[in-house]
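Q: Predicted structure and sequence below. I'll ask about it afterward.
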Amino acid sequence: MNSLALPRLALTAGEPAGVGPELLVRLAATPLAANFIAITDRGLLERAAARCGLSVQLIEDDGSQDRRPGELRIRHIPLAVEEIPGHPDPRNARHVLATLTEAADGCTSGRYAAVVTAPLQKSSINDAGVAFTGHTEFFAGHSHAEVVMMLASPELRIALATTHLPLQAVPAAIQAASLERTLRIVHSELSAKFGFAEPRIAVLGLNPHAGENGHLGREEIETIFPVMEKLRREGMRLSGPLPADTAFVPAQRQHYDAVLAMYHDQALPVLKSEAFDRTVNITLGLPFIRTSVDHGTALDLAGTGKADPSSLIAAATLALELATRHAMLPPSTSSAGRQAPTSPATP
Ligand SMILES: NC(=O)c1ccc[n+]([C@@H]2O[C@H](COP(=O)([O-])OP(=O)(O)OC[C@H]3O[C@@H](n4cnc5c(N)ncnc54)[C@H](O)[C@@H]3O)[C@@H](O)[C@H]2O)c1
Ligand SMILES: N[C@H](C(=O)O)[C@H](O)COP(=O)(O)O
């Protein structure tokens with residue numbers, strides 16, 4: 001049987017009782033030219049494969065780059081208790097966190113070329129007594145990096161100025177210094193990862209109708225606009241602050257390459273309603289490549305084998321593209337500004 005030297009992509013299964021394990025097995029069955037290393041519990045994957053009616057040969061990862069057809073490498077991290085699909089058990093929270101730590105450390109040390117994460121149940125980790133808001137914040141903290149969450153379909157890229165916050169905490173979190181850093185990260189990563197030589201970024205307002213000249217809120221005038229003006233003077237191509245309700249109409253879309261939204265639910269529903277199966281979550285600003293699905297644990301589908309793997313396949317495809325391009329760069333060369341595909345790949 002032939003073996004191939006391929007980029008080593010770490011896969012985390014996320015919430016054991018969610019659809020993640022089943023999606024990992026389905027991803028491993030695709031012909032994507034990557035060497036997948038599933039960081040999870042061996043028995044969990046075997047049971048997920050059985051539920052999907054798939055057979056997969058799990059072999060302990062030995063660090064090599066070879067992949068033989070039908071094989072899936074595994075870095076076994078044991079569950080605390082066997083999963084019951086649809087019913088997260090906080091006793092498995094430490095297992096989930098251990099898989100993320102192994103993935104992050106492995107990417108940093110070069111054991112993995114990238115990590116692709118399946119969805120986890122944030123509430124279950126909190127129920128275990130660990131304050132946790134998401135992968136994005138976990139990897140940022142673990143890497144001591146300032147990051148930005150972006151969700152991207154082939155047609156639309158949306159970055160977020162704030163991530164997993166209660167809505168009432170959002171206005172106070174929109175600060176000039178952090179907004180400026182966020183825009184700089186988005187700008188540089190649109191060049192480095194998406195190939196835009198001079199990215200055009202539309203910035204949304206926070207308030208209805210972008211504050212209506214200060215009559216419906218003053219964050220646009222006092223915080224958002226001054227930051228944009230500063231960065232415009234440096235040459236950044238920024239439009240806005242735009243009213244969020246009309247920023248996504250076709251006439252507007254042709255004027256930008258990405259949108260910076262002020263908070264999670266301001267813009268993600270647009271992407272998730274029009275491209276749920278094609279959208280990828282990517283963490284900008286990390287010292288390694290991390291992509292993910294655009295959906296959650298789908299507890300209502302867990303155990304049925306019916307969950308759609310499209311978003312995970314898109315996430316792995318993008319991670320593979322970015323890892324392959326990164327591997328082709330000379331060690332001292334930054335990837336910023338190099339030409340790359342103008343949109344995330346789709347399976
Ligand atoms: N990357 C991640 O780790 C991630 C992303 C989003 C949400 N979450 C978490 O997931 C949990 C559940 O979130 P939720 O219920 O709001 O959203 P969800 O995405 O899990 O489910 C919303 C709806 O979409 C459907 N759905 C989701 N994924 C699907 C798939 N692959 N195929 C077919 N249908 C699918 C579900 O069945 C459900 O009807 C929460 O704890 C949330 O924080 C995690
Ligand atoms: N905000 C993401 C979404 O709505 O799809 C999701 O909650 C996952 O975030 P992390 O990648 O930070 O876990």
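A: Perfect, I can see it now. Residues are numbered from 1 along each chain as shown. Ligands and ions are numbered 1, 2, ... in the order given.
Q: Please enumerate the helices of the stretch 101-250 of the chain.
A: 122-127, 135-143, 170-173, 176-192, 219, 225-233, 250-253 (DSSP state H, counting those that start in this stretch).
Q: Tell me which of those helices approaches ligand 2 most closely.
A: helix 135-143 (3.3 Å; C-beta to the nearest ligand atom). To be clear about C-beta, it is placed using only N, CA and C from the backbone, and glycine gets the same treatment.
Q: Which positions in that closest one come out as buried?
A: 135-140, 142-143 (16 or more other C-beta atoms under 10 Å).
Q: roughly how far is it from the heart of the chain?
A: The chain centroid and the centroid of helix 135-143 are separated by 12 Å under C-alpha atoms, centre = their mean, to the nearest Å.
Q: and what of stretch 306-326?
A: 10 Å.
Q: what is the mean pLDDT for it?
A: Across stretch 306-326, the average pLDDT comes to 95.
Q: want to throw the helices of the stretch 101-250 of the chain into JSON lines with distance to T108 and mean pLDDT?
A: Below are those laid out as JSON lines (distance: least, C-beta to C-beta, whole Å; pLDDT from 0 to 100):
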{"stretch": "helix 122-127", "distance to T108": "22", "mean pLDDT": "98"}
{"stretch": "helix 135-143", "distance to T108": "7", "mean pLDDT": "98"}
{"stretch": "helix 170-173", "distance to T108": "28", "mean pLDDT": "98"}
{"stretch": "helix 176-192", "distance to T108": "18", "mean pLDDT": "97"}
{"stretch": "helix 219", "distance to T108": "36", "mean pLDDT": "98"}
{"stretch": "helix 225-233", "distance to T108": "30", "mean pLDDT": "98"}
{"stretch": "helix 250-253", "distance to T108": "37", "mean pLDDT": "96"}
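Q: can you list those in CSV and add distance to A316?
A: As requested, these are arranged in CSV below (distance: least, C-beta to C-beta, whole Å):
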stretch, distance to A316
helix 122-127, 22
helix 135-143, 15
helix 170-173, 32
helix 176-192, 19
helix 219, 38
helix 225-233, 33
helix 250-253, 27
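Q: which one of those is the most hemmed in?
A: helix 219 (a mean of 21; mean count of other C-beta atoms under 10 Å).
Q: Can you report how many residues lie near G214?
A: 12 (other C-beta atoms under 10 Å).
Q: residues in contact with the nearest residue to it once chain neighbours are set aside?
A: Residue nearest to G214 in three dimensions, not counting chain neighbours: I221, with 5.3 Å by C-beta to C-beta, 6 or more residues apart in numbering. By C-beta atoms under 8 Å, 6 or more residues apart in numbering, the contact list for I221 reads 211, 213-214.
Q: which residues of this structure score low on pLDDT?
A: By pLDDT under 70, the weakly predicted segments of the chain are 1-4, 329-347.
Q: near ligand 2, which residues of it show up?
A: By C-beta under 6 Å from any ligand atom, the part of the chain that sits against ligand 2 consists of 134-136, 264, 268, 281, 292, 294.
Q: residues in contact with the residue of the stretch 151-300 of the chain found nearest ligand 1?
A: When distances are taken as C-beta to the nearest ligand atom, the stretch 151-300 of the chain reaches nearest to ligand 1 at G296, 2.3 Å away. Counting by C-beta under 8 Å, 6+ apart, G296 makes contact with 18, 119, 121.
Q: next one: stretch 37-57 to chain centre, how far?
A: With C-alpha atoms, centre = their mean, you get 23 Å for stretch 37-57.
Q: and it with ligand 1, contact?
A: No. Stretch 37-57 lies out of reach of ligand 1 by C-beta under 6 Å from any ligand atom, never closer than 12.6 Å.
Q: and that stretch, which residues are buried?
A: For stretch 37-57, by 16+ other C-beta under 10 Å, it's 37-42, 44-49, 51-52, 56.
Q: same check, this time on stretch 141-159
A: Applying 16+ other C-beta under 10 Å to stretch 141-159 flags 142-143, 147-154, 156-159 as buried.
Q: what pairs with the spatially most distant residue from the centre of the chain across the strands?
A: Computed with C-alpha atoms, centre = their mean, the residue of the chain farthest from its C-alpha average is H215, at 36.1 Å. On the basis of DSSP bridges, H215 is bridged to G217.
Q: Equivalent analysis for R290, please.
A: Bridge pairing for R290 - DSSP bridges - gives V115.
Q: So this structure: which segments form each domain?
A: Structurally, the chain divides into domains by automatic domain parsing as follows: 1-147+281-347, 156-274.
Q: Just the closest residue of the protein to ligand 2, please.
A: G134 (2.8 Å).
Q: doesn't L260 fall inside a strand?
A: Yes. Counting by DSSP: H, G, I helix; E, B strand; the rest coil, L260 is found in a strand.
Q: hang on, the earlier thing: of the helices of the stretch 101-250 of the chain, which is nearest F288?
A: helix 135-143 (7.5 Å; C-beta to C-beta).
Q: What residues does the stretch 51-200 of the chain have near ligand 1?
A: So far as C-beta under 6 Å from any ligand atom goes, the stretch 51-200 of the chain lies against ligand 1 at 119-123, 135.
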